[in-house]
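J.: Provide a 3D model corresponding to the input given below.
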Amino acid sequence: MPLLLIICTICSILLLSEPIFFGLSSTSTVAAATNTIPTAEVETKIPIYMISTRGNTTYHQEVNRSGYNNNYLFSNLTSLFELCPSEVAIFIHGWGNDEGLAKERLDRVKLALKKNNYTYPLIGLSWASDKLWEAAKAIAKENGPKLAHFILDLKNKCQDVKVRLIAHSLGARVALSSLDSLHRNSTWNNGNFTLTSVHLLAAAVDNEEVSKDPTDIEADPTNAYSVKSAYGEAIEEEVVRFDNLRSSEDNVLEMYPFRPFDYAYKIYPLFEGDLALGQNGYQSSPNITLPENYKEQDIKDQIKDIYDADKIEGDDFGLCSKYPNIYTFCQIKEEGWDFGLCNSLGFCRVSTGDNHAGYIGFRNLTNTSLLADDGAIDVVIAQWNSE
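T.: Now for the predicted structure:
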C-alpha cells in the first residue's frame, strides 16, 4: 500500500507540472498562451557594385558577374547613376589580388560595413595588382586616373553625392594617384567638387608621400626613378577629411617583425629601402610639410591576433605539390596563415596588430559568410559618423 501511494503521488506531480522532456510541446504551449510570434532581426542591405580596370583597359569596365562565392550578383551601375544616392563608398584592394581575391576583399568590407549599420552603396575597384611588386606599383599609379574618371562621371551626374574612399595596402597608391588626377582636372576644379573622405588602411606607400613639398620626395635617394610623388597638395585641396589608419605592429610593413628570430626578415622596407606610411606614420625626421586636413591614428589594437583573415589557403608557390615534405610552405598553405606572419625560417606567430590582412575584418572560422571581427572598419564608420 505505501508503495502504491508513492507511485500515485509521483504520477500526479508529473501530470500537474510543466512538460519537461517534450520541449516542442512546452514551447507551443507558451507561444499560444502569450500570443507572441518571434520576429527576425531586420537585415542591413548594402547595394554592391564592382568596376574593373583589368586587361589594360583605359577606362573602367562594369563587372556584372556574381560576387564572392557566387553569393549574390553585383548591382547594375546604370541604376546607381539613375538613383543618385546621397552617399557612396569606394573600396580599393591591395597587392597580389586576382579578381577572385578582389571579390573576397570587397565582400569582407561589405560585411564589416553591414556590421556597423552602414547602408549606402559600396563600389569595389578591381585592378591588376596580381603582379610582381615593381610592376604592381606602376599599375597602381596608372589606375589613379582611371578611378578619378569614374568618380568625376559620378559627380557630374550626381553632384550632391558624398564620395568616400577606403584603400587598403598598395591600394593607397591608387587612391593617392586618383587625388592627384582630380587635382589636375579642370572639369573637377570648375565644378568645385571634393571627396568627402579618404581612409588609408595599412598604406603601402612611403611615409613622406603625404607631403605638400615635392622636395621632400626629391631629397630621398630611394625615390630616384620611382613612381613616388608628393600628394599633400591634392590631399588638402580635394578631400574634406583624410585619415591614415596604421598599425605600428604591422608585420608586412614594419622593419623587423620577427626579432630576434629572423633579423633579415622584412617586406616593405626590403622592397623600398624606406618606411611605410601604414606602419610608421608620416615622416617626422626630417620633417615634411603636412596637409592641414591630414590625420593619423595607430589602431593596432583593432587588428586582432587572428592568423587567417580571409579563410583562403595561403600561397605555397607551387612547392607543396612538388615537395610535400617541405614543412614551412605546406604549413602556411594548409593552415591558411596570412602573408607576413611566417618568417623565412618557418616560424609562424600572430599578435595583436600584426596581421596586415585584418584591417578590413576577419572571417568567421566556421562560417565564412560571417565575420569574427570587423578590423578597423568600425573606426572608419565612427569617424564618418562624427562629421
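
J.: only C-alpha atoms for contact and neighbour calcs from this point on.
T.: Will do.

J.: What ranges does the chain have for its strands?
T.: Secondary structure of the chain (DSSP state E): strands at 48-52, 61-62, 87-92, 122-126, 162-168, 195-201, 239-246, 294-298, 362-363, 371-373.

J.: so what's Ser86 up against?
T.: Counting by C-alpha atoms under 8 Å, 6 or more residues apart in numbering, Ser86 makes contact with Asp160, Val161, Lys162.

J.: Can you tell me which of these is nearest Ala175?
T.: Of all the contacts of Ser86, Ala175 sits closest to Lys162, with 16.0 Å by C-alpha to C-alpha.

J.: roughly how far apart are the residue nearest to Ala138 when sequence neighbours are not counted and Glu209?
T.: Once flanking residues are discounted, Ala138 sits nearest to Val227: 6.5 Å by C-alpha to C-alpha, 6 or more residues apart in numbering. Val227 sits 11 Å away from Glu209 when distances are taken as C-alpha to C-alpha, to the nearest Å.

J.: Check Trp384 too.
T.: Taking C-alpha to C-alpha as the measure, Trp384 falls 24 Å from Glu209.

J.: out of these two, which sits in the more crowded spot?
T.: The neighbour count for Trp384 versus Glu209, taken as other C-alpha atoms under 10 Å, is higher for Glu209 (24 against 14).

J.: Find the nearest non-adjacent residue to that one, please.
T.: Spatial nearest neighbour of Glu209, chain neighbours left out: Ala230 (4.8 Å); criterion: C-alpha to C-alpha, 6+ apart.

J.: Just the pLDDT at Phe329, thanks.
T.: The model reports Phe329 with a pLDDT of 54.

J.: err, Lys45, not the other one
T.: At Lys45, the model reports a pLDDT of 86.

J.: how close does it get to Arg65?
T.: Distance of Lys45 to Arg65, computed by C-alpha to C-alpha: 19 Å.

J.: Ala135 now?
T.: Per C-alpha to C-alpha, Ala135 is found 27 Å from Arg65.

J.: Please apply the same query to Glu249.
T.: According to C-alpha to C-alpha, Glu249 and Arg65 sit 37 Å apart.

J.: okay, those two: which has more neighbours?
T.: Higher neighbour count among Glu249 and Arg65: Glu249, with 25 against 12, using other C-alpha under 10 Å.

J.: The more buried one contacts Gly353, doesn't it?
T.: Yes - Glu249 is within contact range of Gly353, at 5.0 Å (criterion: C-alpha atoms under 8 Å).

J.: residues bridging contact with these two, i.e. touching both?
T.: By C-alpha under 8 Å, 6+ apart, Glu249 and Gly353 have these common neighbours: Lys300.

J.: got the angle for the helix of greatest length in the chain vs strand 195-201?
T.: Counting residues, the longest helix found in the chain (DSSP state H) is helix 133-157. Calculated by axes from the mean of the first three to the mean of the last three C-alpha atoms, to 10 degrees, helix 133-157 forms an angle of 160 degrees with strand 195-201.

J.: Show the secondary-structure elements that helix 133-157 is packed against.
T.: Packing contacts for helix 133-157, counted by 3 or more C-alpha pairs under 8 Å, 6 or more residues apart in numbering; DSSP states H and E, involve helix 171-183.

J.: what pLDDT, on average, does the helix it packs on get?
T.: Helix 171-183 comes out at a mean pLDDT of 98.

J.: With stretch 133-147 instead?
T.: 96.

J.: Work out the gap between it and the centre of the chain.
T.: Put simply, stretch 133-147 sits 18 Å off its chain's centre (C-alpha atoms, centre = their mean, to the nearest Å).

J.: So, low pLDDT: which residues of this protein?
T.: 1-44, 257-265, 314-334, 344-346 (pLDDT under 70).
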